[in-house]
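# Please work out how this folds:
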Amino acid sequence: MLVELDSSFPGFHLGILDMPMEWEEARLEAFVVNFTSTNVSAKLTGYTLVILCQVPQPPLVNRILTNCQQFSFVANCFYHIKGLKSDEPVTDTVFGMVIAKHQPNSKKMEWELNSASSGSLIICDGDVKYRGEDGSVADPLQKPLDLYREIILSCSSPQQWVLDACCGTGTGLIAALKEARNCVAVEEDSAKLFHLPASFNQLVPSAVGRKNDESSPAPGPTDVYDYESDSNQTLQSDSSN
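Below is the predicted model:
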C-alpha cells in the first residue's frame, strides 16, 4: 500500500509522481494500480494523476495509464525549466509530463494546464533548489515549486487531497500547503527526507513572498506525522490545521 489510511479517507483528488529514472515498467504499473485502488476503495469518481518523467518515457507512461482502464483521458506534453546552467543544451532542460483523468461517463476531456494541449511545451522558471548545511544541493532532481503549484491549481480544489509520490525534499508538499490542499507525501530515500524540515523552512518564504500573489494563502501551522509503511517513509499534512 502507498500509505496506511483509515476508512474515512476520501481518496486522492490529485496524484503527482516524479518518476525515478530507474523505475521499470512493472514498478510504474504497481504504483498506478495502488493509486487507483485507493480511490476505488474510497469511491472517489473524479481524480487526476500527473506523472513527471524523462523525455523518452511518455509513450510508456501513456500506454500503462491507458491499459489500466481507469482513465477516460490521457495526454502527453513536455515542460522546459528556464534558469538551469547556461552551458546546458536546451534538450537537457526539457522533460516529459503525462496527465490522466478519471471521469466516468465523460466525453473527451480538454487539457487543463492553462492553455496547454497534448504535445505542448510548458515553460516554467527554475527555482532556487534547497541546499543543505554544506551548501550542496540535497536533491539534484528537485523540480520547480511553480511547476507543482501550476499542476495543483489546475487539477484540484482547496481542501482536496494531493498525493506527492517520490516527494524528495518536499517541494510538492510545500506547494500543496501553499495552495490550501491537504497532502500525503511518500519518499523511500531517508536521506532526502532528513532534509525535509529544513527544506520547508528555506523554501516556504520564497513561496509566500512573491509579488502580485496575495490571493494564495500562505501555509499555516501543520502537523506532520512520520511513520513507515512497506519500507516507504510517509508524511501526512492537513492544511486545515
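
# contacting residues around Leu121?
Contacts of Leu121 were listed using Cβ atoms under 8 Å, 6 or more residues apart in numbering, and they are Cys77, Phe78, Tyr79, His80, Val94. Bear in mind the C-beta positions are built from the backbone N, C-alpha and C, glycine included.

# Just the buried residues out of these, in PyMOL syntax.
This is the PyMOL syntax for the buried subset of the contacts of Leu121, where burial follows 16 or more other Cβ atoms under 10 Å:
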select buried, resi 77+78+79
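
# For the contacts of Leu121, could you give me JSON lines that also reports secondary structure and pLDDT?
Below are the contacts of Leu121 laid out as JSON lines (DSSP: H, G, I helix; E, B strand; the rest coil; pLDDT from 0 to 100):
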{"residue": "Cys77", "secondary structure": "strand", "pLDDT": "86"}
{"residue": "Phe78", "secondary structure": "strand", "pLDDT": "86"}
{"residue": "Tyr79", "secondary structure": "strand", "pLDDT": "85"}
{"residue": "His80", "secondary structure": "strand", "pLDDT": "83"}
{"residue": "Val94", "secondary structure": "strand", "pLDDT": "86"}
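
# any idea how far the closest residue to Val33 other than its chain neighbours is from Leu52?
Of all residues not flanking Val33 in the chain, Cys68 sits nearest, at 6.9 Å (Cβ to Cβ, 6 or more residues apart in numbering). Here the criterion is Cβ to Cβ, to the nearest Å. By it, Cys68 lies 18 Å from Leu52.

# Quick check on those two: which one has the bigger neighbour count.
Using other Cβ atoms under 10 Å as the criterion, Cys68 and Leu52 rank with Leu52 on top: 22 against 17.

# Adjacent strands (with direction) for the helix or strand encompassing that one?
Per DSSP states H and E: Leu52 is located in strand 47-53. When sheet partners are counted by DSSP bridges, strand 47-53 sits next to strand 14-18 (parallel), strand 94-102 (antiparallel).

# After it, heading C-terminal, what element do we hit next?
Downstream of strand 47-53, the first helix or strand assigned by DSSP H and E is helix 58-67.

# Report the inter-axis angle for that following helix versus strand 94-102.
What separates the directions of helix 58-67 and strand 94-102 is an angle of 10 degrees, with axes from the mean of the first three to the mean of the last three Cα atoms, to 10 degrees.

# Export helix 58-67 to PDB, keeping only CA atoms.
C-alpha atoms of helix 58-67 as PDB (Å, rounded to 0.1, in the frame of the first residue of the first chain):
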ATOM      1  CA  PRO A  58       5.900   9.500 -22.000                       C
ATOM      2  CA  PRO A  59       4.900   6.800 -24.500                       C
ATOM      3  CA  LEU A  60       5.500   4.000 -21.900                       C
ATOM      4  CA  VAL A  61       3.700   6.000 -19.200                       C
ATOM      5  CA  ASN A  62       0.800   6.800 -21.600                       C
ATOM      6  CA  ARG A  63       0.400   3.100 -22.500                       C
ATOM      7  CA  ILE A  64       0.400   2.000 -18.900                       C
ATOM      8  CA  LEU A  65      -2.200   4.600 -17.900                       C
ATOM      9  CA  THR A  66      -4.400   3.700 -20.900                       C
ATOM     10  CA  ASN A  67      -4.200   0.000 -20.300                       C
END
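
# Which secondary structure elements does it sit against?
Judged by 3 or more Cβ pairs under 8 Å, 6 or more residues apart in numbering; DSSP states H and E, helix 58-67 is in contact with helix 25-41, strand 47-53, strand 73-82, strand 94-102.

# Can you report how many residues lie near Ala198?
Residues lying near Ala198 (other Cβ under 10 Å) number 16.

# And the residue nearest to Val61 when sequence neighbours are not counted, how close does it get to Ile64?
Once flanking residues are discounted, Val61 sits nearest to Val98: 4.4 Å by Cβ to Cβ, 6+ apart. Taking Cβ to Cβ as the measure, Val98 falls 9 Å from Ile64.
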